[in-house]
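J.: here is my input, please return the structure:
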Amino acid sequence: MNTTYQYQPETIELSAKLYKLGSKSVASFEQQAGIKNHEPCIVILDSCLRYAKAHRIRFEDPVSEDYVLGPAFKQVLEGVEQLLNGLGAVSAESGLNVDSKDNGVCSDILKKCHELGGFEL
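T.: Residues are numbered from 1 along each chain as shown. As a prediction, the model looks like this:
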């Protein structure tokens, strides 16, 4: 069984922009550690990107147009946004003094989720 997780291109592109700050920056270290170790907050956001894109492909409308799924999807995004206020799970599990995600990049991914889902910010 293959359990390798494949991130959406948007997640990789938004995470890669940190390399412009330098690969040794704290923000770059945090985000890359999160990507490598499958930080749950990053994976949840990435999964929301995939879900929003899949919904558009299947129904030719954004998920926001669905009277049942739209509000549920919006609640998921709001919940993840609140989780970004804390340390990532990978960081908490390992006792690191740095986060296992970069909140700036995660916020950018969250914005992309809103956009693809058809929600205004």
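
J.: what's the nearest residue to Val80 if we skip its chain neighbours?
T.: Sequence neighbours aside, Ile44 is the residue nearest to Val80 in space, at 5.3 Å (criterion: CB to CB, 6 or more residues apart in numbering). Every residue, glycine included, has its C-beta placed from N, CA and C.

J.: any idea how far the one you found is from Asp99?
T.: Separation of Ile44 from Asp99 (CB to CB, to the nearest Å) stands at 15 Å.

J.: and the longest helix seen in the chain, which residues are buried?
T.: Secondary structure of the chain per DSSP state H: the longest helix is helix 40-59. Residues 40-53, 55-56 are the ones in helix 40-59 that count as buried (16 or more other CB atoms under 10 Å).

J.: which of those lies closest to Val63?
T.: Among the buried residues of helix 40-59, His55 lies closest to Val63 (CB to CB), at 4.3 Å.

J.: angle of the lowest-mean-pLDDT helix or strand in the chain against helix 40-59?
T.: Least confident helix or strand, the chain: helix 26-36 with a mean of 89, by mean pLDDT, DSSP states H and E. Relative orientation of helix 26-36 versus helix 40-59 (axes from the mean of the first three to the mean of the last three CA atoms, to 10 degrees): 60 degrees.

J.: since that was my last question, I'll sign off now.
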